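**Student:** With the sequence up front, the predicted model follows.
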Amino acid sequence: MYAPNFAAPQSIDDAVRMLDADGAKPLSGGTDLIVQMRSGRNRPDHIVDLKRVPGLLGIKAEGAGFRVGAATPGAALGEDKALVAAYPGIVEGAELIGSTQVQGRASLAGNLCNASPAADSVPAMAACGVTAVVVGPNGEREVAVQDIPASPGKTSLAKGEFVKEFVLPALPAKSGDAYLRFIPRTEMDIAVVGAGVQIVLADDGTVAKASVWLGAVAPTIVEVDASCLVGTKLDDAAMAKLDAAAQSVCNPIDDKRGTIEYRTKVAGVMARRTAEIAFKRAGAR
Amino acid sequence: MNYLGKDVQLKVVGTRPIRPDGVEKVNGRAAFGADVAVSGMIHAKVVRSPHAHARIKSIDTSKAEAVKGVSAVITGADLPDIPSEEAFVGEGPANFREMSHNVIARDKVLYDGHAVAAVAATSAAIAEEAARLVEVEYEVLPHVISVEEAMADGAPVLHDDMFTQGVDPKPTKASNVAKRVEFKLGDSNAAFAKADVIVERQYKTQPVHQAYIEPHACVVSYNPDGQAQIWCSSQGQFMVRAFCAKLLGMDIASIRVMPLEIGGGFGGKTLVYLEPLALALSKKSGRPVKMVMSREEVFRGSGPTSGGTINVKIGATKNGRIVAAECETILQAGAFPGSPVGPACMTAFACYDLADVTAFGYDVVSNRPKVAAYRAPGAPISTFAVESAVDELAQKLGMDPGELRLINAAKDETKAAYGPTLKNIGFVETLEAAVASQHYTSDLGEAPKGKRRGRGIASGFWFNIGGESSGATYVNEDGTVTVVSGNPDIGGSRASMGMMAAEVLGIEVERVRTIVGDTASVGYSFLTGGSRVTFATGMAVTQSAEEVRDDLCRRAALIWEIDVDAVEWRDGHAHPAGENAGKFDPLSLSDIAAKSGRTGGPIAAKSSINAQGAGPGYATHICDVEVDEETGHVAVLRYTAVQDVGKAIHPAYVEGQMQGGAVQGIGWALNEEYIYNKDGRLDNPGFLDYRVPVASDLPMIETVLIEVPNPRHPFGAKGVGEVPIVPPMAAVANAISNATGLRMPNLPMSPPHVRAALDAAKA
Amino acid sequence: MAKIHVTTKINGEDAEFLCEPQQTMLDVLRDELSLTGSKEGCGSGDCGACSIIVDGRLVCSCLMFGAEASGTEITTIEGIANGDTLHPLQQKFLEHAALQCGFCTPGVLVASKALLDANPSPTEEQARYWLAGNLCRCTGYDKIIEAVMDAAAEMRGE
């Protein structure tokens, strides 16, 4: 009989030690792990629940930025008014992970480390320059979120390493972020295409800096060259270039959720629509 | 007797009381299939084929049997080999030998998910672990998924003893085509010469699952004396009893089936899957056995409805009269024959009064799960095609599609292409109400940039059936009443049964408690299906209540020592009538119940009938959509369902049937489909990627109840549950066409398909 | 590994149970505690029939290990009513005929309660999105939404 161990460490050190064991898996929200265990795809020998480790749950304002505990459920992000005001796009992404029920459990770290290219919370975090604080047997390091997923289902984390928290940098002035995804229904689907955007405006109201990342169109999230937006107010010509640039970085698969052709076309659409929202938000600041 | 007519004052029927089983369903106490536990119970899991088509070379169960806690393992060899025997069961024909082979494979597996063995153990977890250790050696065979592949020359043949029925001469070569059916009136081929305008097109639909939220579940206890008890959720306790008896070679009297609450069925629970396996395991292990399907097993191992290919041709004069119509429907049956191709053909043109019409079709097997009934089986498939074609015809003629339908609508005395002459139908009334509705005459409003809006209308027909039903009415000692229905309550029928009995007895509905009887406590009833329960079982219950009422009068006559003819039942009381009027104080039902011991004993009546004269159901639906031109996403903005319901016994539950059916149809139209990979394995066996509509996908579903009473039912009821799923696919498609100018002939009209069609139109 | 001993509070009462590490909270509720009102429709968090409230948050009990319940406060469908008095949501579901088969109903009610606890005045759209994780195949959601909106109004004293 399959019979794993279950432990809920109360310190980082204990968590590091437990996760260094062969066949150990961290548990935060569990909304991916439990489904994978039930289907037999994932059978860890040790389940290490990180939610009782101090600092792993909760959101802290830090200067003009934030630290978000790795296991904090998405719903908690949406309830934090300061966070929603500062990074509405990151919160949008986190709040699109599954149903209300799933948002009550699912965490940013789980969404990131499950390493699905369609993870909803990752593109906006990447666009906003979010880093993950990783701890492990060799100590602590800070990594850009986009560097953690390596390929579908695989991360760049070493054995025993796990994400402790996320660092949301100090909010640039006149900036706005947004996340949009396309799904066949209005809820409950995995993204066919996701787009996360951060736009920073110059004093004259034109785009000074634009960061655009796409999900579900390649083995990992991919960055779109959005330099075409710089110096513009997102006129039609700039948007057409962004659309083309988004399509050009796509390397999707045909599957039950979308075809290569469809995903590629919709990637352009999502990049444009998301940029428009981020631009408006930046302008409103 | 009946309770129709303007002078009849109904007090209960037509109101909206709280259902008798309501409180247990809102506080979590209602017992569904998986909620039952009996003493000494063990748990079993099914081993399923990973292959679409393979010969079973050997099955080694020894490793599974050796697992600690395992009590029994069965394979196909543990079920008796039964002869081929055709029977009309569920909502269509079936063959018990094939049913047995579907429940557990014998020499071949015919689809991904086909059961090959089952393991019973002290816990579900152990059973699941041990099931992984059952070693099956397969010789993988080439497979076919689509009907086109299955019908192609040289296609792998599923059954080497299957020769197409219904064709002349009888084929000498086995094929995947099980049968051909045809329904014909006049000479459509010749009549096309009279047409000014002809529309002709091929349509395709995908298999869709009923997707009831409760997975199949049962507990079975087989005793050493050969008697068995089954607790399960199904659409027919008598169906489960009969099928289990056949498949296990048992007497019907040796099996007692206790119907539990059923968590949705929609036709999908008119068959057995687990119960025969649990019986065999219980017999082998000597323990009661519980079996519960996972959601993945429900999708892979139980029947969806067919997908199909439909070729429609309709010709009309320039003033809109349809003069000729033809429809060819090819339906997937799954691994064994028995698609609803017959009803698909029969319903195809049943909305219209046509002189020259031909509908024919083929029942085709392929390596998919054997189809099961799904709400108006077959009708939504052919109707999607026909009602799309009628819309296209209206576009060509430059006519309003509602008006075109009115010109051609079937009415009383219309001779239907499938045989009967229609009577007391309310189709024209649904059309008139639809075209006059606020919805149909309202402005669509301006679409946001990049989006387009459109409105569609479509109609549908379903036969509705009657059949064998039993009900009983018992007067309790305190004057309350217990009603027993022979049919599982799938959508509120206990409420309607109790309401009809209360109406007959002239008492408050709260004094009537309705239950669903087990197979040993109520007379035989055909299963809950065909939109028959409120009609047929309602008729049986009404008759039993009337017998009780007559007996109450007889008891009052005895008490008063007058002639029974001089007693009249009114408002829940016996009143002396005629020359005795006013001579005695009225006796209430409670008064008479209290004295029943002195007037002949308990007061009760049972009625078992074969109800005839079910009135057909007609519906017309209106749908507004908004199409996102860039993503192909279709949003339903507004939806109205208009339906002839005969007489709504409990209007809220009638509306519920209309709303639920419409939304299932919207799901079928937009996103639901079975997706197979190249190896013939189902790629989306879960609610994540089998996309049923969620609450945020939908607007309110407006309902308009048209009441053209059915004189063959005491209260005028017609079946209401099935026809609401017939019009939606065409209503949505027609709305998309109105919005974009595109005719979408293939389901689902999912975003990638709509975007591709938009792109193709631009190119 | 040996079974895990968990103490928790369920529907206002202290509860304790033993569970296997891989047992979900849904398994624990149904198989160990005989609280079968929470239903399994999918086992993968896609249908919401197993919805419970844990420390004020709506979750799918099939997506939580029983061992994670340690020290939490849990509300299930069995704890929605106040003794003999139905919760306004339960009453409105009955009055509006917001259930047909009733299988999804416990989960829908628990999710609706969590909604009204968090937002006493939801719009129809907010209610629809909040309940998007609760599949109902019978009703088309129409009467469910009506009942939720009506219960919310009644609870606001309107």
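**Tutor:** Okay, I see it.

**Student:** quick one, domains of chain C?
**Tutor:** As assigned by automatic domain parsing, chain C contains the domains C:4-79, C:88-155.

**Student:** So is the shortest one next to chain B?
**Tutor:** Spelled out, that is domain C:88-155. Yes - applying C-beta under 8 Å from any C-beta of the partner chain, one finds domain C:88-155 in contact with chain B at C:90, C:93-97, C:99-106, C:109, C:125, C:127-129, C:131-146. All C-beta atoms are positioned from the backbone trio N, CA, C, and that covers glycine.

**Student:** dump the residue contacts of the residue of chain C found nearest chain A.
**Tutor:** Per C-beta to the nearest C-beta, C:Gly133 is where chain C lies closest to chain A, at 2.2 Å. Contacts for C:Gly133 were tallied using C-beta atoms under 8 Å, 6 or more residues apart in numbering or on different chains; they are A:98-102, A:187-188, B:694, C:45-48, C:51, C:60, C:111.

**Student:** can we see that at 7 Å?
**Tutor:** For C:Gly133, the contact set (C-beta atoms under 7 Å, 6 or more residues apart in numbering or on different chains) comprises A:98-102, A:188, C:48.

**Student:** Filter the residues of domain C:88-155 next to chain B down to the ones in helices?
**Tutor:** C:90, C:93-95, C:105-106, C:109, C:125, C:127-129, C:142-146 (DSSP state H).

**Student:** Can you tell me which of the contacts of C:Gly133 are buried?
**Tutor:** A:98-102, A:188, C:48 (16 or more other C-beta atoms under 10 Å in any protein chain shown).

**Student:** Sort out which one of the residues you listed lies nearest A:Pro4 for me.
**Tutor:** A:Val102 (22.4 Å; C-beta to C-beta).

**Student:** was I right about that closest one contacting C:Asp46?
**Tutor:** No - A:Val102 is beyond contact range of C:Asp46, at 9.0 Å (criterion: C-beta atoms under 7 Å).

**Student:** which residues touch the residue of chain C found nearest chain B?
**Tutor:** Scanning chain C for the residue nearest chain B gives C:Gly37, at 2.0 Å (criterion: C-beta to the nearest C-beta). By C-beta under 7 Å, 6+ apart, C:Gly37 lies in contact with B:28-29, C:76-78, C:106.

**Student:** Now that we have the contacts of C:Gly133, can you turn them into JSON lines and tack on distance to A:Leu234, pLDDT and secondary structure?
**Tutor:** Shown next, in JSON lines, are the contacts of C:Gly133 (distance: C-beta to C-beta, whole Å; pLDDT from 0 to 100; DSSP: H, G, I helix; E, B strand; the rest coil):
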{"residue": "A:Gly98", "distance to A:Leu234": "31", "pLDDT": "94", "secondary structure": "coil"}
{"residue": "A:Ser99", "distance to A:Leu234": "33", "pLDDT": "96", "secondary structure": "coil"}
{"residue": "A:Thr100", "distance to A:Leu234": "33", "pLDDT": "97", "secondary structure": "helix"}
{"residue": "A:Gln101", "distance to A:Leu234": "37", "pLDDT": "98", "secondary structure": "helix"}
{"residue": "A:Val102", "distance to A:Leu234": "33", "pLDDT": "97", "secondary structure": "helix"}
{"residue": "A:Met188", "distance to A:Leu234": "31", "pLDDT": "95", "secondary structure": "coil"}
{"residue": "C:Gly48", "distance to A:Leu234": "39", "pLDDT": "98", "secondary structure": "coil"}
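
**Student:** Look up which helix or strand A:Val35 falls in, please.
**Tutor:** helix A:33-39 (DSSP states H and E).

**Student:** And chain C, is that helix touching that?
**Tutor:** Yes - for a cut-off given as C-beta under 7 Å from any C-beta of the partner chain, helix A:33-39 has contacts with chain C, namely A:34-35, A:37-38.
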